[in-house]
Every structure is written in C-alpha cells, then in structure tokens.
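**Student:** quick one, fold the following:
(chains A and B)
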Amino acid sequence: MEQQALLQVNHLSTHFRSNPTGLFRRAGLIKAVDDISFFINRGEVLSLVGESGCGKTTVGRTLTKLQPSSGGEALFHGRDILPLSQSVFRPLRREIQMIFQDPFASLNPRLTIEQTLAEPLFIHKLAADSNQARQQVADILEQVGLDASVMKRHPHEFSGGQRQRIGIARVMIVKPKLIIADEAVSALDVSIQAQVLNLLKQLQQEHRLSMLFISHDLGVVRHISDRVAVMYRGKIVETASKPEIFSNPQHAYTKKLLAAIPRVPTLQRAS
Amino acid sequence: MALLEINNLSIAVASQGQLLPVVTDCSFSVAAHETLGVVGESGCGKSLTALAIMGLLEGSQVNITSGSIVFDGRDLLQLRPAQRRAIMGNQMAMVFQEPMTSLNPVYRIGEQITEVLQQHRKITHRESRQRALELLDLVKIPHPQDRIDSYPHQLSGGQRQRVMIAIAMACEPALLIADEPTTALDVTVQKEVLDLMLDLQTRTGTSIILISHDLGVIAETCDEVAVMYRGRIIEKATTASLFANMAHPYTRGLLASIPTIDTDNDWLQAIPGRVPGIDEKVNGCPFHPRCAHTETPCTQTAPRLIDTHPHHAVRCHFAGEI
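**Tutor:** This next block holds a predicted model:
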C-alpha cells in the first residue's frame, strides 16, 4: 500500500457478556466482532455486507466509540482511537460521523430542522453565532436537495426520504473525513432509495470523503462501493474490489448472498 | 370465475370535515391458485386496499365510499360483521409487514397459532396443539417441539415472519394477502420466506396477493401485477407482458431505480420528486409533476386505463408512444 490509509483497523474485537439464563449458569461471551482487519483509503468507499446479527453494526458503533472494544486497534490518521478517553476523542467525532438507519427514530421530534442541523455547529465551534449557523444550514440543505425554507419545520412533516436527506445534512455540515453509514437507505422505498443513494455518492465524490457503507443488500452496495468486505458471524470472510466480488466471489457465504438478490428482467430498463 | 373480484373500489379518509380520496376506482381480480402482485411507493393506497379486503377498516377514519369486493361469489361489503368474521382468518388471511409488532408479545407462539384454529375449527386443545406443531414444521421452523412455547422476542425476524405465515395458513385459506412480508428482512431471509410462500401455494393451491414496493420481488413471484400510484391502478398486466411491454413512465421509473447486480452502472435512475400528500390536489394525470414526458394533455385531463396489449392495460395518455 503506497499511501497511508485514512482508517486502518487491525484485529478489532468487540465482545458482549450475555446474561446468565439459569441460576447457576455462567455468563456467556458473545464475540460480536471477532478479530477483523480492514482499511479505508481517503476518498474510498468500503462496504461491509452481511446479514442481521453478523456484527456489522457493532463495527460501526465500535469505531465511533459508542461501544467499547475488546481488543485490536483502529488507526485514524495513524493514531489509535480505541484507547482514547471520550473527552480526548470528542474533537475527532467531527471527523468521523455516522448516518443511522431509521430516519424516523434518529431525528429529535421536538427540534426544528434548523435546531437539529445547527446543534453540531455549536458543539464543534464551527459557527460563532446563530446568523452564521443559519447560513451554513441553508447551504447544506441546498446541497442535499432540500429548500432552505424547510428550516423552520419539524421532522414529522417530512417523508422518510426527506428525513434521510436531513440525516445526511446533519453529518455533512461538520465536514467529516470519514462517514459510517449504517443501513442508510434500507428503510426507504426503492424509488426514494435510488435518490438518496445517488445523493450520497455525489457528496462522497465531491468532497472526496471516505465511507464505511454498512448494508445487507449487495444490489445497493454495487452502486456505491470501491471495495467490499463480507462479514459472517463476527468475522470478515472475504474482502475484494467491487468487480472481483461480483464476478468472482470466493467464499460460499458471498455466493449465497449474491444468489438471494431478486433478479429483474433486464429488458426495457432504459426509458 | 375469479376467487376475488374487486370492482370500482374507492376509499377515502375523513379529515377535518371532508373526504380525501386515497384509493380511487380500483378494479382487479385474483383467480384461484394465482399470485397477484400489487406494487407502488409508500402512500399509494396498496395497504389500504388490502385492509379493505380484509375488512379491517371498520371503525377507523378510513371509509369505503363505493365499489364491491366479491369473494367466492359473495360481496363482502354486504355481509353482517359476524359473517365477515367467519371468513377472516379462515378462508382469507393476512400476513403483515412488521413481524415485530404484529405478534402479541405476551403470548407464546403456540397459543397464537391455536387461537385461530379454535376460533374457526371445532377441535380439542390437544388436536390444535398438534396442528400448530405441524404448521411450525411446514413453515420450516427448526425443532417445533422446542419452539412452540417460545415468546415472539425469543425468535429472529425471519422466524417471526414464518410464525405469522403459520398463523395465516392455519385454516388453509383460499386467499392469502401478504403486505410487504419481506421488507423488514435481510435479502437471504427474504428469499427463504418468499420461497416458503410459493412452496405452500403449490401444496395448498392458495391464491396470494403480494404487496410490495420492490418490482424485483414481484417479478420473481407473481403471475399478474397491478401497479398503483396515488390510489389508482396505473398499469395492470401479466408479469411476462409487464416486463416485455412496460408502458407507464412510473413503472419504468420503479424498475430503473432498483439497484441490481447485473449492470455495472454507477448511478441509479431515480424517479424525481416524491408522492404528493393526500391533501395536495393534482390536476390531470396524477403522475405528471414527476414525469419526464409530460405534455399539455397530461396537466389537464386524467388518463383512463386502456388496453395496449392482451392482458395489459395502461393509464397514460401516451401509452405505447414513449
């Protein structure tokens, strides 16, 4: 590898203790993430694919320190972020941002869109006063394809696709280096999913962002990734470039994932 | 004769003293042993149509304003509630989208399956439990003996949806309505659940109405397809004809927006804009604000459903031309 990776993850593990179920049972150890390694270069999209419960979300949560790790290291700009205390890590939070799956649950229903989007600006001291903040909010709304006039409204007034655009705006407004998108388009209808996916890709390319795109859908992954890592039961079973993984899958689980995607008749696709 | 025939069904929501139409003049039929797919974006009226067929709109703000729903020769809208209840869950059953919320969390799954059986069949407790075990085996839940006394939270999403299907299939209904049965599931599990439903259909001859926003799912499973937009059927055809002669710009947009692994195109073709809210009035063709082919007639008059091919009808002024 010529250049230094933006994020280099080595032997990362995250374990959970399960509650003992019987009176004399011992607590079990669940290896949600079990000794995985990968890297993401600047401007690159790595997709992490796997079924529910395979540990892919835990990877995202561990890298954003929402979940303590059990072993390994995660070098961001060459510095291991896992042992950092929350207060030391806080400035880095601006650079590592997360987009969540559920656009209904991840926006505060009591705040207006302006309050939601301005909040990270004040936290990270990116705006001196509310006028500056408002200007930045208007700019970012335009970038995600929403009118600046939506600022005064509340989340319940928006559709799922629009809410996910707001979620993307909240991430983009702090100008991150690395975005962790956890099933960012899974909750959307196919037509809206396509809009949001295109938007995400466009922003990623414009700003040369790095992205860890977590998804269970290889069809979606095909449109956004540079490389793909397939995760199964806490381990990465296969990592390859996008063309490799689709034309020449090696692991049996990858093949099974590929076979499960509904095929649409390809005739007449162009309108 | 068709098993289910829906004629000119219209549904409206009562809101602030006025009736807002949510399903308008919708007609389709489902023959015995057949699978009909209903496709459309959120808010196009597909779930409401399903709830209307099941009689689940009673007592809500949503009213059926006109039309008939003829099932097995009887108009369901003319039946007394008791007669209706004898059909629901028995000859006609429904699988809902959210397996997390549609099972009762405080009852064991065995009890939830036997409840249907005891409602509609004169059988003993022991017999119904035996039947529940058979059903769990039928929907491929491993070790039914160990699972029958589990609570819903102890099962995975895919297993819960299998239990939902077991409940729906308990009385071997003639018609099964599945409303986005796999939307909440992973692709691999989705395939297993769809395969299971088709497998049960071959065994029992049940007709299925499969509601989905994903044309990919529909293409793999259905004999006929109805595409809905803003409460109207805008294209209706056999699956083969739909994909061979796809005519409506909306249907084409839905197809183009599916991320596939067969093309190496980086950008997806999305349908611009969004579905207008039910209180927003759109003159002419309801799709014209989002359509790339809009011309003057589209903004003025609403197109009618016209046959373009045998078993293929389209609601577009320029059907066959674009």
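
**Student:** contacts only, for A:L188.
**Tutor:** A:103, A:160-161, A:164, A:196 (CB atoms under 8 Å, 6 or more residues apart in numbering or on different chains). Backbone N, C-alpha and C define where each C-beta goes, glycine included.

**Student:** ok, and of the residues you listed, which contact chain B?
**Tutor:** Near chain B, taking CB under 8 Å from any CB of the partner chain as the test, the members of those found are A:160-161.

**Student:** and the average pLDDT for the lengthiest helix in chain A is what?
**Tutor:** Using DSSP state H to define each element, chain A has its longest helix at helix A:190-206. Model confidence over helix A:190-206, given as mean pLDDT, is 91.

**Student:** so what's residue 145 up against?
**Tutor:** Since no chain was named, I'll use chain A. By CB under 8 Å, 6+ apart, the neighbours of A:G145 are A:165, A:195, A:199.

**Student:** hm, I was asking about chain B
**Tutor:** B:Q145 neighbours (CB under 8 Å, 6+ apart): B:L133.

**Student:** any idea how far it is from B:M94?
**Tutor:** 28 Å (CB to CB, to the nearest Å).

**Student:** picking up where we left off before, which of the contacts of A:L188 has the largest number of neighbours?
**Tutor:** Among the contacts of A:L188, A:Q164 has the most neighbours (other CB atoms under 10 Å in any protein chain shown), with 30 neighbours.

**Student:** quick check, that one in contact with A:S186.
**Tutor:** No: A:Q164 is not in contact with A:S186 according to CB atoms under 8 Å; the separation is 10.2 Å.

**Student:** what about the helices in chain B?
**Tutor:** Counting by DSSP H, the helices of chain B are B:46-54, B:81-87, B:109-120, B:125-138, B:144-147, B:157-169, B:187-204, B:215-221, B:239-244, B:249-256, B:296-300.

**Student:** got those as JSON lines, with mean pLDDT columns?
**Tutor:** Output for those, formatted as JSON lines (pLDDT from 0 to 100):
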{"stretch": "helix B:46-54", "mean pLDDT": "93"}
{"stretch": "helix B:81-87", "mean pLDDT": "92"}
{"stretch": "helix B:109-120", "mean pLDDT": "94"}
{"stretch": "helix B:125-138", "mean pLDDT": "93"}
{"stretch": "helix B:144-147", "mean pLDDT": "91"}
{"stretch": "helix B:157-169", "mean pLDDT": "90"}
{"stretch": "helix B:187-204", "mean pLDDT": "88"}
{"stretch": "helix B:215-221", "mean pLDDT": "88"}
{"stretch": "helix B:239-244", "mean pLDDT": "93"}
{"stretch": "helix B:249-256", "mean pLDDT": "91"}
{"stretch": "helix B:296-300", "mean pLDDT": "91"}
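
**Student:** can you pull the contacts of B:H120?
**Tutor:** Contacts of B:H120 (CB under 8 Å, 6+ apart): B:86, B:89-90, B:171.

**Student:** how about the spatially most central residue of chain A, secondary structure?
**Tutor:** Taking CA atoms, centre = their mean, the centroid of chain A lies closest to A:A181, which sits 1.5 Å from it. Assigned with DSSP: H, G, I helix; E, B strand; the rest coil, A:A181 falls in the strand class.

**Student:** ok, so what distance separates the closest residue in space to it that isn't next to it in sequence from A:T64?
**Tutor:** Excluding its sequence neighbours, the residue lying closest to A:A181 (CB to CB, 6 or more residues apart in numbering or on different chains) is A:I99, at 4.4 Å. Plainly put, A:I99 is 11 Å away from A:T64 if you go by CB to CB.

**Student:** how about B:L185?
**Tutor:** From B:L185 to A:T64 the distance is 26 Å (CB to CB).

**Student:** the two: which has the busier surroundings?
**Tutor:** Neighbour tally, B:L185 and A:T64, criterion other CB under 10 Å: the higher count belongs to B:L185, 23 against 18.

**Student:** contacting residues for the more buried one?
**Tutor:** Contacts of B:L185 by CB under 8 Å, 6+ apart are B:157-158, B:161, B:193.

**Student:** for the residue nearest to A:A181, grab phi and psi.
**Tutor:** For A:I99, the backbone dihedrals are phi -110, psi 130 (criterion: degrees, to the nearest 10).

**Student:** pretty sure it is in contact with A:A184, am I right?
**Tutor:** Yes: A:I99 sits in contact with A:A184 when judged by CB under 8 Å, with a separation of 4.5 Å.

**Student:** between the two, which contacts overlap?
**Tutor:** Common neighbours of A:I99 and A:A184 (CB under 8 Å, 6+ apart) are A:164, A:167-168.

**Student:** which one of these is nearest to chain B?
**Tutor:** A:Q164 (12.0 Å; CB to the nearest CB).

**Student:** and for B:R80, the neighbour number?
**Tutor:** Neighbours of B:R80 (other CB under 10 Å): 8.

**Student:** what distance do you get for it to B:L196?
**Tutor:** 35 Å.

**Student:** try A:D129
**Tutor:** If you go by CB to CB, the gap between A:D129 and B:L196 works out to 59 Å.

**Student:** okay, those two: which has more neighbours?
**Tutor:** Shown here are A:D129 and B:L196; by other CB under 10 Å, B:L196 has more neighbours (19 against 8).

**Student:** where does B:P286 land on pLDDT?
**Tutor:** 91.

**Student:** so it sits right up against B:Y229, yeah?
**Tutor:** Yes: with contact defined as CB under 8 Å, B:P286 reaches B:Y229; the gap is 6.2 Å.

**Student:** partners of residue 229 in the sheet?
**Tutor:** No chain specified, so I'll use chain A. A:L48, A:T239 (DSSP bridges).

**Student:** wait, chain B
**Tutor:** Going by DSSP bridges, B:Y229 forms beta bridges with B:R232.
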